[in-house]
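A.B. asks: structure for the following, please:
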Amino acid sequence: MPQVFTALRSEAKVNEETIEGLQSIEYRQNRSRTDIGAIGTDERVAVAFGLRVVAGRLRVASANTTLDGLLQSGDPFSISATLRYGDTKRTVAFDDCVMDEKNFGLSTDAPGETIYVFTATRVREE
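C.D. replies: Next up is the predicted model:
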């Protein structure tokens with residue numbers, strides 16, 4: 001049975017402080033890899049894995065002073081997200097995060113929204 005989580009029941013924290021106005025959290029993991037070919041053939045015989053890169057985005061209604069401060073200071077931080085639906089729960093933790101970028105948008109149809117972009121050393125899903 002698939003696990004379905006909803007944003008209304010979930011929450012995220014930066015250094016144990018709840019991110020107020022969080023609209024969404026997105027992340028991706030990418031592992032570099034090298035295909036190893038056999039001598040004298042064009043077929044792959046093995047794969048060597050290398051660096052794992054974790055990158056994410058926090059979409060916040062208006063802005064968040066804590067995240068703004070982390071962007072200015074460059075200090076490392078941690079993010080912990082608890083994804084929920086009913087009795088189902090999953091924790092996603094990001095270690096040794098660094099804030100990379102901030103994008104702000106404002107339109108006549110909606111309140112302001114800031115997207116904070118971060119990278120992390122690792123992500124753990126429990």
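A.B. asks: what bridges to residue 91?
C.D. replies: Residues in a beta bridge with residue 91, per DSSP bridges, are residue 82.
A.B. asks: who's in contact with residue 22?
C.D. replies: By Cβ atoms under 8 Å, 6 or more residues apart in numbering, the contact list for residue 22 reads 7, 11, 12, 58, 59, 60, 61. Using the backbone N, CA and C atoms, a C-beta is placed for each residue, glycine as well.
A.B. asks: residue closest to the middle of the chain?
C.D. replies: Computing the C-alpha centroid of the chain and ranking residues by Cα atoms, centre = their mean puts residue 56 first, at 2.9 Å.
A.B. asks: in terms of helices and strands, where is it?
C.D. replies: For residue 56, the element it lies in under DSSP states H and E is strand 44-61.
A.B. asks: ok, residue 49 - contacts?
C.D. replies: 31, 32, 33.
A.B. asks: could you redo the last one with a cut-off of 7 Å?
C.D. replies: 31, 33 (Cβ atoms under 7 Å, 6 or more residues apart in numbering).
A.B. asks: please apply the same query to the one 10 residues further on.
C.D. replies: Under the criterion of Cβ under 7 Å, 6+ apart, the contact list for residue 59 reads 23, 24, 113, 115.
A.B. asks: who wins for most neighbours among those residues?
C.D. replies: Of all the contacts of residue 59, residue 113 has the most neighbours under the rule other Cβ atoms under 10 Å, reaching 18 neighbours.
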